[in-house]
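Peer 1: with the input below, show me the fold.
(2 chains)
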2 protein chains.
Amino acid sequence: MSRIVTVGAAQLGPIAQTETRHQVVTRLLSLMQRAKRHGCDLVVFPELALTTFFPRWYFEKQEEIDSFFERSMPGRETQPLFDLARALGMGFYLGYAELVVEGGRTRRFNTSILVNKSGEIISKYRKIHLPGHAEHEPWRRFQHLEKRYFEVGNLSWPVVRAPLNEGSAGLYGMAICNDRRWPETYRVMGLQGVEMVLLGYNTPVHNPPAPEHDALSNFHNELVMQSGAYQNGTWVVGVAKAGCEEGVDQIGNSIIVAPSGEIVAACSTLGDEVAIARCDLDLCNSYKNTTFNFARHREPEHYRMIVERKGAVLPK
Amino acid sequence: MSRIVTVGAAQLGPIAQTETRHQVVTRLLSLMQRAKRHGCDLVVFPELALTTFFPRWYFEKQEEIDSFFERSMPGRETQPLFDLARALGMGFYLGYAELVVEGGRTRRFNTSILVNKSGEIISKYRKIHLPGHAEHEPWRRFQHLEKRYFEVGNLSWPVVRAPLNEGSAGLYGMAICNDRRWPETYRVMGLQGVEMVLLGYNTPVHNPPAPEHDALSNFHNELVMQSGAYQNGTWVVGVAKAGCEEGVDQIGNSIIVAPSGEIVAACSTLGDEVAIARCDLDLCNSYKNTTFNFARHREPEHYRMIVERKGAVLPK
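Peer 2: Below is the predicted model:
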């Protein structure tokens, strides 16, 4: 018996600031059609996939910032994605900037959704690990103002049971970009039995505060997703917005990682591209039931510092 | 300014069951001498470095089991290690089986110590993640009875400030074998600012409950130490008892990993061998102050499941 889900990691090349939602959605629809021709059940798009990566600029006017946000999902311009999902019988993961009125105030999140084969949203995630900074730092060649433009997510890391695969419904989780560098991200989903983590990102090659890491960008990208997969016995699908976008180089290196930690599919360009893998969710069991049988081997009473402490506290 | 500690990863080849403590200690002394000739400040020996890896057998008689344990450290047979450390002005990490009377009862731990350049024990760790099983399982070609022979450690993962390096004293932590597969291990030390994790292991190539992982043993060994290093901005020194010991093949693959996650030194045999690296503890800052600035970027309120749950609980 096997529980195969055929996944397309639908990498996007750069999106210009002038590109309209309609133009971007047209590119996404084209990638969905291409994935379908290869038998995909599920397509994974990047983080903030509907616009250019706008946190690279400092904007003074709130309406300029808000122009990058979606006020409803689906909205008028994104409805065709949901229609095509239903028509093709194919699910998708999509990252976008979400503007919502909650608790009587306007809130902004870096969000992703999982849509099933009927074109229905079945799960939503709001990014928890916001990287970058909150204040304008003119010394940088470009900004990374996620801590300014977004709030920390408030939906934890949800894992949902979804019939996207053959056999009994799989357990799917979501994360976004910088989340993937933090082992806590995968562990919270692992503790819900996750079998596939869907994850989009925009990662500049150049990190202004630590340019000495630039040459290791792809290595680090692979390392964190491979270890997250292995240590939780889960598939991980990591998908980039890649290439030189508005003068800033972003890594590609979109990969599909097996529960063994092995990379089984990868993009090799920095443009719009689909990497495909037939992923057997039952391969997770080989890890979840042995080396990473949590109920048998974890020792949570010794992990308390992880939640009791935010920053490091050094011994005397 | 740099804070260099020159480290020798002192891998051991197999130790036969008939080998005496005196014979083993003679091998360790020889490795210490060799490391000193290469300018080492610190030598790292494997887990349970004084005997064969005895949890591979089911013993009925407690005195047989206890023959593998140390009742004092240093003891008569291990005193020469401490004497040589002082004579050479070189620290060491040593793993051994510890039998101790605590709280009015005899207790047994899988333990490691850190000894300074004056031959004094400055830190002790007792293994928390005990792998394997507690009952005899005759279907296995060999046993892995750590859960039978040892208690779970009760000293957390201590990090100590120790003047083993040039410049201001470094922050050193310890872990043992299976601990290295669990990101919680590194994180608890990362939250104490650890700059170098010392870690010995005995890892059979063949895992009886999951033989499908055997071909990936070295890959997994590297993956978990590299990600643990990167995600906490720390050096990791992982040292094997290697080779075919009493009919059981154990991996070698002893490595020294930089805070970047890069492997900077490695053993290439399965015997007694020293791999050497000059490790600059100040390289940790490049990660601890940017991508992994915990005080700035961690979100512990969203990690609570990690301590509230031991095993996975699946969504409906």
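Peer 1: switch to C-alpha atoms for all contacts and neighbour counts from now on
Peer 2: Will do.
Peer 1: before we move on, what SS does A:H220 have?
Peer 2: helix (DSSP: H, G, I helix; E, B strand; the rest coil).
Peer 1: pull the contacting residues for it.
Peer 2: B:G261 (CA atoms under 8 Å, 6 or more residues apart in numbering or on different chains).
Peer 1: one more time with 10 Å, if that's ok
Peer 2: Applying CA atoms under 10 Å, 6 or more residues apart in numbering or on different chains, we find A:H220 in contact with A:181, A:213-214, A:226, B:226-227, B:230-231, B:260-262.
Peer 1: filter the residues you listed down to just the ones in helices.
Peer 2: Of those, the ones assigned to helices by DSSP state H are A:226, B:226-227, B:230-231.
Peer 1: tell me the most packed of those residues, by neighbour count.
Peer 2: Neighbour tally across the ones in helices among the contacts of A:H220 (other CA atoms under 10 Å in any protein chain shown): the maximum, 31 neighbours, falls on B:S227.
Peer 1: related to what we said a few turns ago, which of the contacts of A:H220 lies closest to A:K117?
Peer 2: Nearest to A:K117, judged by CA to CA, of these is A:Q226 at 27.8 Å.
Peer 1: and the gap between that closest one and chain B?
Peer 2: 8 Å (CA to the nearest CA, to the nearest Å).
Peer 1: next one: A:P14
Peer 2: Distance check for A:P14 against chain B: by CA to the nearest CA, it reads 24 Å.
Peer 1: what's that residue in contact with, if anything?
Peer 2: Going by CA under 10 Å, 6+ apart, the list of residues near A:P14 reads A:49, A:51-53, A:202, A:240-250, A:270-272.
Peer 1: if I've got this straight, it is in a helix?
Peer 2: No - using three-state DSSP, the secondary structure at A:P14 is coil, not a helix.
Peer 1: and it, what pLDDT?
Peer 2: Note for A:P14: predicted pLDDT of 98.
Peer 1: nearest spatial neighbour of it, skipping sequence neighbours?
Peer 2: A:E245 (4.7 Å; CA to CA, 6 or more residues apart in numbering or on different chains).
Peer 1: show me what contacts A:M225?
Peer 2: Here A:M225 is in contact with A:180-183, A:186, A:197, A:199, A:231, A:235-238, A:255-258, A:261-263, B:227 (CA under 10 Å, 6+ apart).
Peer 1: about what we covered before: take the contacts of A:P14 and keep only those in strands.
Peer 2: A:202, A:240-241, A:243-245, A:248-250 (DSSP state E).
Peer 1: which of those residues sit farthest apart?
Peer 2: Among the ones in strands among the contacts of A:P14, A:A240 and A:V248 lie farthest apart (CA to CA), at 14.0 Å.
Peer 1: who touches both of these two?
Peer 2: Common contacts of A:A240 and A:V248 (CA under 10 Å, 6+ apart): A:14, A:203.
Peer 1: what about these two, which has more around it?
Peer 2: Between A:A240 and A:V248, counted using other CA under 10 Å, A:A240 has the larger neighbour count: 32 against 18.
Peer 1: wait, the more buried one touches A:Y201, no?
Peer 2: Yes - at 4.9 Å, A:A240 counts as touching A:Y201 under the criterion of CA atoms under 10 Å.
Peer 1: who touches both of these two?
Peer 2: The contact lists of A:A240 and A:Y201 share A:11, A:45-47, A:49, A:177, A:250-252, A:254, where a contact means CA under 10 Å, 6+ apart.
Peer 1: returning to that earlier point: list the beta-bridge partners for the residue nearest to A:P14.
Peer 2: Legend: beta-bridge partners of A:E245 under DSSP bridges are A:V248.
Peer 1: which SSE is immediately downstream of the helix or strand hosting A:V100?
Peer 2: According to DSSP states H and E, A:V100 maps onto strand A:91-102. Counting by DSSP H and E, the next helix or strand C-terminal to strand A:91-102 is strand A:105-115.
Peer 1: where does the stretch 151-300 of chain A get nearest to chain B, which residue?
Peer 2: Residue of the stretch 151-300 of chain A nearest chain B, by CA to the nearest CA: A:A295 (3.7 Å).
Peer 1: that residue touches A:G190, doesn't it?
Peer 2: No - between A:A295 and A:G190 there is no contact under CA under 10 Å: 11.7 Å.
Peer 1: what is in contact with these two at once?
Peer 2: With CA under 10 Å, 6+ apart, A:A295 and A:G190 have common neighbours A:288, B:311-313.
Peer 1: look up the closest residue to A:V159, ignoring the ones flanking it.
Peer 2: Leaving aside its sequence neighbours, A:V159 sits nearest to A:G173 (CA to CA, 6+ apart; 4.4 Å).
Peer 1: pretty sure the one you found sits in a strand.
Peer 2: Yes - remark: A:G173 belongs to a strand, assigned using three-state DSSP.
Peer 1: tell me the phi and psi of A:R34?
Peer 2: Dihedral pair for A:R34: phi -60, psi -40, per degrees, to the nearest 10.
Peer 1: would you agree it is in contact with A:E273?
Peer 2: Yes - A:R34 lies in contact with A:E273 (CA under 10 Å); the separation is 9.3 Å.
Peer 1: go ahead and confirm A:G271 touches A:D249.
Peer 2: No - if you go by CA under 10 Å, A:G271 and A:D249 don't touch, sitting 12.0 Å apart.
Peer 1: any chance of the contacts of A:H220 in JSON lines, with pLDDT and distance to B:H220 too?
Peer 2: Formatted as JSON lines, those follow (pLDDT from 0 to 100; distance: CA to CA, whole Å):
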{"residue": "A:R181", "pLDDT": "98", "distance to B:H220": "18"}
{"residue": "A:H213", "pLDDT": "96", "distance to B:H220": "23"}
{"residue": "A:D214", "pLDDT": "96", "distance to B:H220": "25"}
{"residue": "A:Q226", "pLDDT": "99", "distance to B:H220": "10"}
{"residue": "B:Q226", "pLDDT": "99", "distance to B:H220": "10"}
{"residue": "B:S227", "pLDDT": "98", "distance to B:H220": "11"}
{"residue": "B:Y230", "pLDDT": "98", "distance to B:H220": "15"}
{"residue": "B:Q231", "pLDDT": "98", "distance to B:H220": "16"}
{"residue": "B:S260", "pLDDT": "98", "distance to B:H220": "18"}
{"residue": "B:G261", "pLDDT": "98", "distance to B:H220": "14"}
{"residue": "B:E262", "pLDDT": "98", "distance to B:H220": "15"}
